[in-house]
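Undergrad: predicted model, plus sequence, below.
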Amino acid sequence: MSHSTQETLVRLDSVTKSYDGDRTIIDNLSLAIYDGEFVTLLGPSGCGKTTVLRLIAGLEECSAGRILLGGQEITHLGPEQRNVNTVFQSYALFPHMTVYDNVAFGLRTAKVPEGEIKPRVIEALKMVQLDAMASRKPDQLSGGQQQRIAIARAVVNRPKVLLLDESLSALDYKLRKQMQIELKQLQRKLGITFIFVTHDQEEALSMSDRILVMREGEVVQTGTPKEIYETPASRFVAEFIGESNLFAAEVLEPMKERHYRCDISGKIYPVYSEKPLQLGSKINVLLRPEDLRLEEIPADGDSEFLTGTVTERTYKGMTLDSVIALDNGQQIQVSEFFNEDDPDVDHSLGQRVAVTWVPSWEVVLPYDGQ
Ligand SMILES: Nc1ncnc2c1ncn2[C@@H]1O[C@H](COP(=O)(O)OP(=O)(O)OP(=O)(O)O)[C@@H](O)[C@H]1O
């Protein structure tokens, strides 16, 4: 999706948040969220994702900086004065109220005329396919259904932005997968901007239009799931999102355009780089397990490529995953498509293999001494 024509809906402008006067959680953070997108704040526990969400919701006050919604400054407005709603991890449904009353609650508080409330509640419940359960109490619903009610309650007063804080983490694996799809479909249907917080990289990749990767209160990379996965800008992002193998390499000489002959533990590989590389410099080369290929070699044979021994084999249905102990001491992960007709699938533990990869799929990262 192109954002060149899209309007910024939420803007954080040099926002800082400190607790107790000195502990700075968010330091001078600026970011833009576009109208109608599904954006995910992704990062390890404690990196400040929830804090950013609570600042946007108005549940925390900025220590410095400004927050704008639709071009209007909302920095000092209370939560109820912002056109923003939050779905919390715990759902926070009122246990003594029916599903209908839970969803109607916000409209009644906002003094919406009673005649208008009913069609809107029914509409919201239909949207999450729970209109048949309007008279039930929350404890008569499954976790997934409670989650949907929480969403219906949050969208019934048509907020511009819906904030979702780890909203799927309480669900079991299968239900979470199903809710990921439903939530994405619902977001498209409603056209409301969703800001989703998770530490689950798989969830972020499968649901988001755009991911903001956070680390220690900073956004370290922004991009589509494909961009973040395929061209991580740092070792941190590469390792946080998906499995990765990192090779230390030395740049020997230029080859064809954007390709360099590189030395990886004494073996020579061509490496693709977007940016010009300095000859003689050290780099890290990132390769995902699915980029790598294994070639069989005789037990006493050598290869022009890195060699090692298969130490683990896991059949995953679609793929055959291996752990290889390279002769240089490094351990790498390889994920190959499983092909029953391929006689090589019987690769056994202890087998000697050479490692190659799909040309030009390398991602060059700055060398970090490892
Ligand atoms: N009220 C508070 N007072 C002091 N420190 C706080 C407060 N709330 C959060 N923090 C601290 O701010 C940091 C960021 O917390 P935050 O909840 O935003 O992280 P997170 O990325 O959402 O983590 P998680 O995924 O574990 O929820 C943490 O170190 C936390 O201890």
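TA: Cool, the structure landed. Residues are numbered from 1 along each chain as shown.
Undergrad: did I read that right, H96 in a helix?
TA: No: counting by DSSP: H, G, I helix; E, B strand; the rest coil, H96 is not found in a helix; it is coil.
Undergrad: list the contacts of the residue nearest to it when sequence neighbours are not counted.
TA: Closest residue to H96 apart from its sequence neighbours, by CB to CB, 6 or more residues apart in numbering: K137 at 7.5 Å. Quick note: C-beta positions are derived from backbone N, CA and C, even for glycine. The neighbours of K137, taking CB atoms under 8 Å, 6 or more residues apart in numbering as the test, are P95, H96, M97, T98, V99.
Undergrad: state the pLDDT value of the first one.
TA: This means P95. You'll see P95 listed with a pLDDT of 90.
Undergrad: please apply the same query to A57.
TA: What the model reports as pLDDT for A57 is 95.
Undergrad: so what's it closest to, chain neighbours aside?
TA: Looking at A57 with CB to CB, 6+ apart, the closest residue is T86, at 5.0 Å.
Undergrad: returning to what we had before: ok, the contacts of K137 vs the ligand, which is closest?
TA: P95 (24.1 Å; CB to the nearest ligand atom).
Undergrad: so whichever residue of the stretch 201-350 of the chain sits closest to the ligand, which state does it fall into?
TA: Residue nearest to the ligand within the stretch 201-350 of the chain: M214 (6.9 Å; CB to the nearest ligand atom). Secondary structure assignment for M214 (three-state DSSP): strand.
Undergrad: right, and it touches V39 too?
TA: No: counting by CB atoms under 8 Å, M214 sits too far from V39 to count as a contact (12.0 Å).
Undergrad: so the residue nearest the centre of the chain is in which element?
TA: Nearest to the mean C-alpha position of the chain, by CA atoms, centre = their mean, lies A204 at 2.8 Å. With secondary structure defined by DSSP states H and E, A204 is part of helix 201-207.
Undergrad: next one: that helix to chain centre, how far?
TA: Remark: helix 201-207 is offset 5 Å from the chain centroid, using CA atoms, centre = their mean, to the nearest Å.
Undergrad: show me what that helix is packed against.
TA: strand 38-42, helix 173-190, strand 193-198, helix 225-230 (3 or more CB pairs under 8 Å, 6 or more residues apart in numbering; DSSP states H and E).
Undergrad: as CSV, could you dump the C-alpha coordinates of the helix or strand of the chain with the lowest mean pLDDT?
TA: Among the helices and strands of the chain, helix 173-190 carries the lowest confidence by mean pLDDT, DSSP states H and E, at a mean of 84. The C-alpha trace of helix 173-190 is given here as CSV (Å, rounded to 0.1, in the frame of the first residue of the first chain):
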residue,chain,number,x,y,z
TYR,A,173,-3.3,-20.8,19.4
LYS,A,174,-6.1,-21.9,17.0
LEU,A,175,-8.5,-19.2,18.1
ARG,A,176,-5.8,-16.6,18.0
LYS,A,177,-5.1,-17.5,14.3
GLN,A,178,-8.8,-17.3,13.5
MET,A,179,-9.2,-13.9,15.4
GLN,A,180,-6.2,-12.6,13.5
ILE,A,181,-8.0,-13.1,10.2
GLU,A,182,-11.3,-11.8,11.6
LEU,A,183,-9.7,-8.7,13.1
LYS,A,184,-8.0,-7.9,9.8
GLN,A,185,-11.3,-8.3,7.9
LEU,A,186,-13.2,-6.2,10.4
GLN,A,187,-10.6,-3.5,10.1
ARG,A,188,-11.0,-3.4,6.3
LYS,A,189,-14.7,-3.4,6.6
LEU,A,190,-14.8,-0.6,9.2
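Undergrad: what's the angle from it to strand 193-198?
TA: 160 degrees (axes from the mean of the first three to the mean of the last three CA atoms, to 10 degrees).
Undergrad: now the host helix or strand of L162: average pLDDT?
TA: Taking DSSP H and E as the definition, one finds L162 inside strand 161-165. Strand 161-165 comes out with an average pLDDT of 93.
Undergrad: sheet-wise, list the partners of that strand with their directions.
TA: strand 84-87 (parallel), strand 193-198 (parallel) (DSSP bridges).
Undergrad: nearest to the ligand, out of the ones you listed?
TA: strand 193-198 (6.4 Å).
Undergrad: can you give me how far the closest one is from the chain middle?
TA: Worked out by CA atoms, centre = their mean, strand 193-198 lies 10 Å from the chain centre.
Undergrad: thinking again about what came up before, and the helices and strands packed on helix 201-207 as TSV, adding mean neighbour count and distance to V155?
TA: Below are the helices and strands packed on helix 201-207 laid out as TSV (neighbours: other CB atoms under 10 Å; distance: least, CB to CB, whole Å):
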stretch	mean neighbour count	distance to V155
strand 38-42	25	14
helix 173-190	15	6
strand 193-198	24	10
helix 225-230	17	24
